[in-house]
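S.K.: sequence first, predicted model second:
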2 protein chains.
Amino acid sequence: MSSIEQIRQAARRLKGHARKTPLLSSPFLDEIAGRRLLVKAECLQHTGSFKFRGGWSAVSALSAEQLRKGVIAFSSGNHAQGVAAAAKAHDAPAVIVMPSDAPKLKIENTGALGAEVVLYDRAAGEDRDAIGKELAEARGLTLIKPYDEPQVIAGQGTTGLEIAEQARAEGIDKAEVLVCCGGGGLTSGIALALEAEAPGLRVRPVEPQGFDDVKRSLEAREICHNASASGSICDAILTLAPGELTFPILSRLCGPGLAVTEEEALHAMALAFTRLKIVLEPGGAVALAAALFHADQIEGEAVIAVATGGNVDAALFGNALCRYA
Amino acid sequence: MSSIEQIRQAARRLKGHARKTPLLSSPFLDEIAGRRLLVKAECLQHTGSFKFRGGWSAVSALSAEQLRKGVIAFSSGNHAQGVAAAAKAHDAPAVIVMPSDAPKLKIENTGALGAEVVLYDRAAGEDRDAIGKELAEARGLTLIKPYDEPQVIAGQGTTGLEIAEQARAEGIDKAEVLVCCGGGGLTSGIALALEAEAPGLRVRPVEPQGFDDVKRSLEAREICHNASASGSICDAILTLAPGELTFPILSRLCGPGLAVTEEEALHAMALAFTRLKIVLEPGGAVALAAALFHADQIEGEAVIAVATGGNVDAALFGNALCRYA
């Protein structure tokens, strides 16, 4: 079971390693949002997304023997880089199993961070889990799951401890906290942290339209699935369904989910460029998009949006600027 | 005379108003630079550049009577926005005299920050100083100069106090600190702060090639001029010559100047996008460009580059990405 005590322990392990990311704002964005809007810029975290926190938390919780043997993760993107960077810093071997059609830059980055990248051909029907299981057993590797893993949830939850402290410093004790949501590791971690440290702040998950499994699951009070986990530019937060560990936390603590269009995500990326000087990827911009363009579905005089990542190709970013900046 | 005590007083006035900007890094940039590279991201400051610090410092040092009458500044860009935002927060009227051919967005932003924008036609030979003087006398406005003003230098110097503290936290007590340099307000302020707080950190000014008045002035030990203060994409840091107040400080405390090409500045912008997830304007990227591409002219195992601003048009930014990202 994930708990605030686990999050506080993770925060102690992350201290001096993860960045405390700033809470940014602009009067121009406040005007669009119709209320005070604060943006937690996790794109400025090491490896360009909050995933570094969970990766570090999980790796740093391993025994010396586990570290010596190494870790394994499945990921086409941000989780891969987070785990690779954390493993490297702990001198632990890391194997990352990635689809061969993942963006070339993400494959290169993961390798450059010291991980051994094992590619599989998803079009040819190669079984990722079988490949990973064989490797893990042969070498005694520890699997680091992307969200349904207590130490990963605890690491992501450290974002919530910072939000609680930073909101207090801004004089905010009541607000909705919008979080870009995939499997729910970050969202559930932040919700647990805020429950303990800033109970006036309520988390609301935000997803891309058509991939709103968490929103529908919260409404149905049971885990609902998406038809697919691909086919959106918001690739970083596409999952089939909330996790077995994360959903009960989301269900207990979160307000209703929100869903935004891809166009709204691109527009939010352009506004983050112009007004905050940060780089967001589409999946990392959906919470900001909800704050800006779905203001009527949000309550209160202030809103906090977590900008979760910035690992975006130049072409896609340039496209967002062309159309909306 | 500017002093560390003035900077410390400015820091007290800025507390809770200016952002403490993060010191960012990436192993990929370390590799290019050939040493540890830390980037002070002042593009994340309010109004998108360090100029907010100097504006706030100067405005907050005025008497109640001066604030009631208001302030005036000449600027086509970042200083305008910094002074406008600071004046608005102090309920002081602000008049900003801008060339009518300044970027439309910068004119709009300055107006949207509550300032009265007075345009003059520099092509038609209208005299900016005469227009400003007449307005200032008629209304009793206080002029806030962009760099040759002790309270502005003190405000910019608060960046140096943060660098001293953040470098210490990173275990760095000896390094060169590269600063994008126009009239020298930021550079001299940081140099004064580091002299007192981190004497192992030495400031070096960085300018665009062809506009390296500070570099040449330091070599000649007297103020040298550029032929022109326009004609580079690094518009934010183009000045004819270092200031009367700033040059003696630069001369006493700084190492040799560095100069980079426009192409190197664009390349640095693209790398800041890919590796740090921040938006830089060309003039705000020259220090990072020097750290990355002029490593042979830099000493030591670590270097700190101050990224001074991010107020760049989408088209120019897209161009940098197209070519270098």
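M.R.: Noted; the coordinates are in hand.

S.K.: name the next helix or strand downstream of the helix or strand bottoming out on mean pLDDT in chain A, please.
M.R.: Scoring the helices and strands of chain A by mean pLDDT, DSSP states H and E places helix A:104-112 at the bottom, with a mean of 87. Next along the chain after helix A:104-112, taking DSSP states H and E as the criterion, comes strand A:116-120.

S.K.: and the least confident helix or strand of chain A, which residues are buried?
M.R.: Across helix A:104-112, burial judged by 16 or more other C-beta atoms under 10 Å in any protein chain shown covers A:106-107, A:109-110. All C-beta spots, glycine's among them, are computed from the backbone N, C-alpha and C.

S.K.: now stretch A:282-300
M.R.: When burial is assessed from 16+ other C-beta under 10 Å, stretch A:282-300 yields the following buried residues: A:282-294, A:298.

S.K.: got it, and stretch A:219-238?
M.R.: A:223-224, A:226, A:232-238.

S.K.: send the alpha carbons of that stretch over as CSV?
M.R.: This file holds the C-alpha atoms of stretch A:219-238, laid out as CSV (Å, rounded to 0.1, in the frame of the first residue of the first chain):
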residue,chain,number,x,y,z
GLU,A,219,-17.4,7.9,-13.3
ALA,A,220,-18.1,4.2,-13.4
ARG,A,221,-16.4,3.5,-10.1
GLU,A,222,-14.5,0.6,-11.8
ILE,A,223,-11.6,0.2,-14.1
CYS,A,224,-12.6,1.0,-17.7
HIS,A,225,-10.3,0.4,-20.7
ASN,A,226,-9.4,2.4,-23.8
ALA,A,227,-9.8,0.7,-27.2
SER,A,228,-6.2,1.4,-28.0
ALA,A,229,-3.0,2.8,-26.3
SER,A,230,-1.7,4.4,-29.5
GLY,A,231,-3.0,6.9,-32.1
SER,A,232,-2.6,10.3,-30.3
ILE,A,233,0.1,12.9,-30.3
CYS,A,234,-0.1,12.7,-26.5
ASP,A,235,1.9,9.5,-26.6
ALA,A,236,3.5,10.0,-23.2
ILE,A,237,0.2,9.5,-21.3
LEU,A,238,-1.5,6.8,-23.4
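
S.K.: returning to that earlier point: return the member of the buried residues of stretch A:219-238 nearest to B:Gly125.
M.R.: B:Gly125 has its nearest neighbour among these in A:Ile233, at 50.5 Å by C-beta to C-beta.

S.K.: contacting residues around the residue lying closest to the closest one once chain neighbours are set aside?
M.R.: Of all residues not flanking A:Ile233 in the chain, A:Pro282 sits nearest, at 4.4 Å (C-beta to C-beta, 6 or more residues apart in numbering or on different chains). For A:Pro282, the contact set (C-beta atoms under 8 Å, 6 or more residues apart in numbering or on different chains) comprises A:208, A:232-236, A:262, A:265-266, A:269, A:312, A:316, A:320.

S.K.: 10 Å instead?
M.R.: A:180, A:208, A:232-237, A:260, A:262, A:264-266, A:268-269, A:289, A:309, A:312, A:316-317, A:320 (C-beta atoms under 10 Å, 6 or more residues apart in numbering or on different chains).

S.K.: need the buried residues of stretch A:282-300 in TSV (columns: pLDDT and secondary structure).
M.R.: Formatted as TSV, the buried residues of stretch A:282-300 follow (pLDDT from 0 to 100; DSSP: H, G, I helix; E, B strand; the rest coil):
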residue	pLDDT	secondary structure
A:Pro282	96	helix
A:Gly283	96	helix
A:Gly284	97	helix
A:Ala285	98	helix
A:Val286	98	helix
A:Ala287	98	helix
A:Leu288	98	helix
A:Ala289	98	helix
A:Ala290	98	helix
A:Ala291	98	helix
A:Leu292	98	helix
A:Phe293	98	helix
A:His294	98	coil
A:Ile298	98	coil
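
S.K.: distance to A:Gly34 for those residues - can I get that in JSON lines?
M.R.: Formatted as JSON lines, the buried residues of stretch A:282-300 follow (distance: C-beta to C-beta, whole Å):
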{"residue": "A:Pro282", "distance to A:Gly34": "23"}
{"residue": "A:Gly283", "distance to A:Gly34": "24"}
{"residue": "A:Gly284", "distance to A:Gly34": "22"}
{"residue": "A:Ala285", "distance to A:Gly34": "19"}
{"residue": "A:Val286", "distance to A:Gly34": "18"}
{"residue": "A:Ala287", "distance to A:Gly34": "16"}
{"residue": "A:Leu288", "distance to A:Gly34": "14"}
{"residue": "A:Ala289", "distance to A:Gly34": "14"}
{"residue": "A:Ala290", "distance to A:Gly34": "13"}
{"residue": "A:Ala291", "distance to A:Gly34": "10"}
{"residue": "A:Leu292", "distance to A:Gly34": "9"}
{"residue": "A:Phe293", "distance to A:Gly34": "11"}
{"residue": "A:His294", "distance to A:Gly34": "11"}
{"residue": "A:Ile298", "distance to A:Gly34": "9"}
